[in-house]
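# Kindly return the folded structure for what I paste below:
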Amino acid sequence: MAENVAGKHFDVCIVGCGAAGSVLACKLAETGWSVAALEAGDWLKTDKDFRQDELSMLGKFDWDDRRWVAGNEELRLGHVRDGRGVGGGTLHYGAVALRFWQEDFERFSRDGVGRDWPIPYAEMVPCYDQVEREMRLAGPLSMPWGPHPGKYPQGPHEMNYRDEKLAGGLETLGFRWTPTPLAILTGGHDGRSPCMNYGFCQWGCKSDAKTSMLVSYIPRAVKAGATIVPNCRALAFEAADDGRITGVACDIAGVSERVTADLFILSAFCIENARLLLNSAGGAFPNGIANGSGMVGRGIMAHIANPYFARFDELIEMWTTAPGTLLSQEHYGTKESRDFVGGWSWMTASLFPAEFGTQLARSEEGMWGDRLMELMRDYPNFAVLGTEGECLYYSENRVELSEKSDEFGVPRARVTFNFGDNERKMRDEMGNLARKILEAAGAKEIFIGSGNDHLMGGCTMGASADNSVVDANLKAYGHENLYVCDASVFPSSGGSQPSQTIIALASRLAEHLARKGPARA
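Next up is the predicted model:
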């Protein structure tokens with residue numbers, strides 16, 4: 001694909017073709033911009049490359065490059081954390097489609113800890129509205145909590161026996177629940193079929209019912225003339241002394257290339273964004289691009305994502321629908337009765353056998369051998385309750401460059417991450433309540449796991465160049481033609497999946513840039 005960019009100059013070059021980059025490529029191309037979107041992974045075909053088999057899909061769209069991890073928390077990277085391929089992380093996301101709440105944007109103002117977003121929540125509402133219509137989200141007629149105004153474009157997904165059992169446990173304790181809003185079609189749309197309930201959402205949707213970028217915004221981008229360049233590894237930005245980005249050096253299927261554009265948008269996700277900016281040090285920027293205040297890589301966040309395993313006497317068969325079809329946000333946000341700030345979402349989960357066994361073995365019992373095999377035989381009788389708990393911004397949680405380099409000569413990332421006292425208190429409360437919910441649901445045995453999910457931060461947005469990497473419009477401080485757009489700009493993590501907020505931010509940025517026009521952004 002090197003011939004697609006060699007010798008050409010574009011209005012905009014987007015690095016990364018995931019939830020943000022794909023939306024930006026689509027909307028800017030539809031506005032008339034010439035667009036080059038660079039993607040490190042392959043361009044997969046759902047009918048040919050996706051298999052309904054857990055083991056055969058391992059590595060298909062995972063960013064499994066070696067990284068060094070430090071800290072007390074076992075931060076999970078690679079599989080189902082970072083995506084590699086046209087569509088990025090949306091190839092394997094569970095398609096849970098939730099808005100952040102207003103208090104998520106005002107954590108410091110409300111609670112005196114963490115950080116605020118530099119944009120008012122009201123500015124995000126029309127962006128959320130727009131992407132929900134475009135993606136034809138499937139959800140309930142109304143939500144019992146939070147900011148959603150009303151009916152979703154398509155009706156909710158059906159529940160399975162897993163959901164009924166766990167809903168009963170929630171109801172017994174007086175906790176409300178609802179079908180989860182999902183970016184998975186329940187009716188036809190744009191030539192795509194409704195959900196077939198394969199359950200393989202997180203291993204690649206073969207029916208195209210799941211609204212990954214691969215089957216939604218990317219086809220629109222291509223139709224509008226965008227150049228999508230797969231197997232293209234961005235290595236370093238090049239910058240003039242005045243801060244203007246002049247090009248990006250990359251490797252395209254083994255060929256060294258340089259892509260030039262008037263404007264650059266970095267959407268390669270949290271770790272790789274920081275790594276690329278830091279590796280671009282040189283000349284007038286000895287500490288890296290957009291790193292005048294030393295903030296690049298700082299403020300990495302991850303949700304508290306504990307799996308709670310419940311074994312029942314009867315068959316549950318948790319895999320028979322999409323993973324997260326039941327939701328409760330009864331414990332979302334800060335509550336005066338608790339000794340920590342923020343909160344979390346409860347959600348049902350589906351784990352296929354290999355991942356189920358791996359996660360179960362890492363639970364509080366630390367089981368193995370005969371005990372693990374005994375429980376594995378009861379796999380059809382298990383249900384899993386999951387959480388997405390808020391993590392505060394801590395500057396010391398960060399991405400740096402290590403002394404070891406990869407095959408392209410780029411230093412590998414070193415990631416330091418720890419949960420704080422706030423997260424540890426939240427995790428304890430989650431465990432206590434999860435046990436009560438599962439006991440009320442009739443579980444015969446309960447195993448409490450420990451995990452994390454959804455990386456955010458590292459290129460934080462803020463009102464000042466002294467403590468932020470990008471401004472409220474996602475423009476990098478010190479670089480007039482460089483923007484960053486994805487979860488890396490989040491100042492707070494909220495207590496729910498970030499995908500809808502990423503897509504809404506990308507839609508907002510596309511509108512901002514389109515108003516100014518090419519070469520004037």
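# Please identify the pairing partners of the lengthiest strand in the chain and their relative orientation?
Criterion DSSP state E: the longest strand present in the chain is strand 255-266. As defined by DSSP bridges, the strand partners of strand 255-266 come to strand 9-15 (parallel), strand 245-252 (antiparallel), strand 482-484 (parallel).
# which strands and helices sit next to whichever helix or strand comes after that strand?
Toward the C-terminus, strand 255-266 is succeeded by helix 270-279 as the next helix or strand (DSSP states H and E). Applying 3 or more CB pairs under 8 Å, 6 or more residues apart in numbering; DSSP states H and E, one finds that helix 270-279 contacts strand 232-239, strand 255-266, strand 398-405, strand 411-416, strand 452-456. Bear in mind the C-beta positions are built from the backbone N, C-alpha and C, glycine included.
# Which residues outside helix 270-279 are in contact with it?
15-16, 40, 63, 67, 77, 82, 234-237, 266-268, 287-291, 296-297, 300, 398-401, 410-411, 413, 415, 455-459, 469, 484, 486-488 (CB atoms under 8 Å, 6 or more residues apart in numbering).
# Repeat that for stretch 316-326.
94-96, 157-163, 165-167, 177-180, 182, 184, 195, 197, 199, 201-202, 347-352, 380-384, 386.
# Help me confirm that Ile446 comes into contact with Lys436.
No: assessed by CB atoms under 8 Å, Ile446 is found out of contact with Lys436, at 9.9 Å.
# out of the two, which sits in the more crowded spot?
Neighbour totals were compared for Ile446 and Lys436, and Ile446 leads with 20 against 15 (other CB atoms under 10 Å).
# Distance check, Ser216 against His157.
Distance from Ser216 to His157, counting by CB to CB, to the nearest Å: 18 Å.
# Do a quick rundown of the helices in this protein.
19-30, 46-49, 107-111, 121-135, 161-172, 217-223, 270-279, 353-361, 369-377, 421-440, 499-516 (DSSP state H).
# what's the neighbour count on Val255?
When neighbours are counted by other CB under 10 Å, Val255 registers 13.
# Kindly report the same for the one 10 residues further on.
Ile265 is surrounded by 31 other residues when neighbours are defined as other CB under 10 Å.
# got it, and Ala383?
26.
# What residues are bridge-paired with it?
Counting by DSSP bridges, Ala383 is bridged to Ala310.
# That one and Glu314, how far apart?
According to CB to CB, Ala383 and Glu314 sit 11 Å apart.
# what does Thr180 give?
Taking CB to CB, one finds Thr180 at 24 Å from Glu314.
# Between the two, tell me which one has more neighbours.
More crowded of Thr180 and Glu314, by other CB under 10 Å: Thr180, with 29 against 11.
# Let me know whether that one touches Ala95 as I believe.
No: with contact defined as CB under 8 Å, Thr180 does not reach Ala95; the gap is 9.3 Å.
# give me the low-pLDDT residue ranges for the protein?
Within the chain, the segments meeting pLDDT under 70 span 1-3, 79-80, 519-521.
# Identify the residues contacting the residue in the chain sticking out farthest from the centre.
Going by CA atoms, centre = their mean, the residue of the chain most distant from its centre is Asp370, 36.3 Å out. By CB under 8 Å, 6+ apart, the contact set of Asp370 is empty.
# Roughly how far does it sit from Ala361?
Applying CB to CB to Asp370 and Ala361 gives a distance of 13 Å.
# One more: Trp117?
Per CB to CB, Trp117 is found 39 Å from Ala361.
# With Asp313 instead?
Computed as CB to CB, the Asp313 to Ala361 distance reads 23 Å.
# And the two? Which one has more around it.
Ala361 (17 against 10).
# Am I right that the more buried one is in contact with Leu372?
Yes: assessed by CB under 8 Å, Ala361 is found in contact with Leu372 at 5.7 Å.
# intersection of neighbour lists for Ile446 and Lys436?
Overlap of the contact sets of Ile446 and Lys436 (by CB under 8 Å, 6+ apart) is empty.
# sorry, back to before: with mean neighbour count and distance to Arg258 added, can I get the strands paired with strand 255-266 in JSON lines?
Formatted as JSON lines, the strands paired with strand 255-266 follow (neighbours: other CB atoms under 10 Å; distance: least, CB to CB, whole Å):
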{"stretch": "strand 9-15", "mean neighbour count": "23", "distance to Arg258": "11"}
{"stretch": "strand 245-252", "mean neighbour count": "20", "distance to Arg258": "5"}
{"stretch": "strand 482-484", "mean neighbour count": "26", "distance to Arg258": "16"}
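# and Gly517, which of those is closest to it?
strand 9-15 (9.0 Å; CB to CB).
# May I have stretch 73-87 as PDB, with CA atoms only?
Taking Å, rounded to 0.1, in the frame of the first residue of the first chain, the C-alpha atoms of stretch 73-87 are listed here in PDB:
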ATOM      1  CA  GLU A  73      -1.500  -3.500  40.000                       C
ATOM      2  CA  GLU A  74      -1.200  -6.300  37.400                       C
ATOM      3  CA  LEU A  75      -2.100  -4.000  34.500                       C
ATOM      4  CA  ARG A  76      -3.500  -6.100  31.600                       C
ATOM      5  CA  LEU A  77      -2.200  -5.100  28.200                       C
ATOM      6  CA  GLY A  78      -2.300  -6.600  24.800                       C
ATOM      7  CA  HIS A  79      -5.400  -8.800  24.100                       C
ATOM      8  CA  VAL A  80      -8.700  -6.900  24.300                       C
ATOM      9  CA  ARG A  81      -7.000  -3.800  25.600                       C
ATOM     10  CA  ASP A  82      -5.400  -2.300  22.500                       C
ATOM     11  CA  GLY A  83      -6.600  -3.000  19.000                       C
ATOM     12  CA  ARG A  84      -4.400  -3.500  15.900                       C
ATOM     13  CA  GLY A  85      -6.200  -3.500  12.600                       C
ATOM     14  CA  VAL A  86      -8.500  -1.200  10.600                       C
ATOM     15  CA  GLY A  87     -11.200  -0.600  13.100                       C
END
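# Touching, Pro491 and Tyr393? I think so.
Yes: under the criterion of CB under 8 Å, Pro491 makes contact with Tyr393 at 6.1 Å.
# shared neighbours, the two?
Common neighbours of Pro491 and Tyr393 are listed as 114-115, 299, 457, 460 (criterion: CB under 8 Å, 6+ apart).
# Among those, which one lies nearest to Thr211?
Nearest member of those to Thr211, counting by CB to CB, is Gly457, at 25.2 Å.
# How much space separates the residue nearest to the closest one when sequence neighbours are not counted from Glu73?
Computed as CB to CB, 6 or more residues apart in numbering, the closest residue to Gly457 that is not its neighbour in sequence is Gly299, at 4.1 Å. Distance from Gly299 to Glu73, counting by CB to CB: 15 Å.
# between those two, who's got more neighbours?
Between Gly299 and Glu73, counted using other CB under 10 Å, the more crowded position is Gly299 (31 against 20).
# got the contact list for the more buried one?
Going by CB under 8 Å, 6+ apart, Gly299 touches 115, 393-395, 397-398, 457-458, 460, 491.
# Are any of the residues you listed buried, and if so which?
Among the contacts of Gly299, those scoring as buried are 115, 393-394, 397-398, 457-458, 460, 491 (criterion: 16 or more other CB atoms under 10 Å).
# Closest to Leu58 out of these?
Nearest to Leu58 among those, with distances taken as CB to CB, is Gly458, at 26.3 Å.
# From what I see, that closest one and Arg298 are in contact.
Yes: under the criterion of CB under 8 Å, Gly458 is in contact with Arg298, at a separation of 6.9 Å.
# If we ignore the residues flanking it in sequence, what's nearest Lys165?
Ala441 (4.9 Å).
# What about the one you found, how many residues nearby?
By other CB under 10 Å, the residues close to Ala441 number 23.
# Was I right to think it contacts Ala310?
Yes: under the criterion of CB under 8 Å, Ala441 makes contact with Ala310 at 6.7 Å.
# overlap in contacts of the two?
In contact with both Ala441 and Ala310: 166, 383, using CB under 8 Å, 6+ apart.
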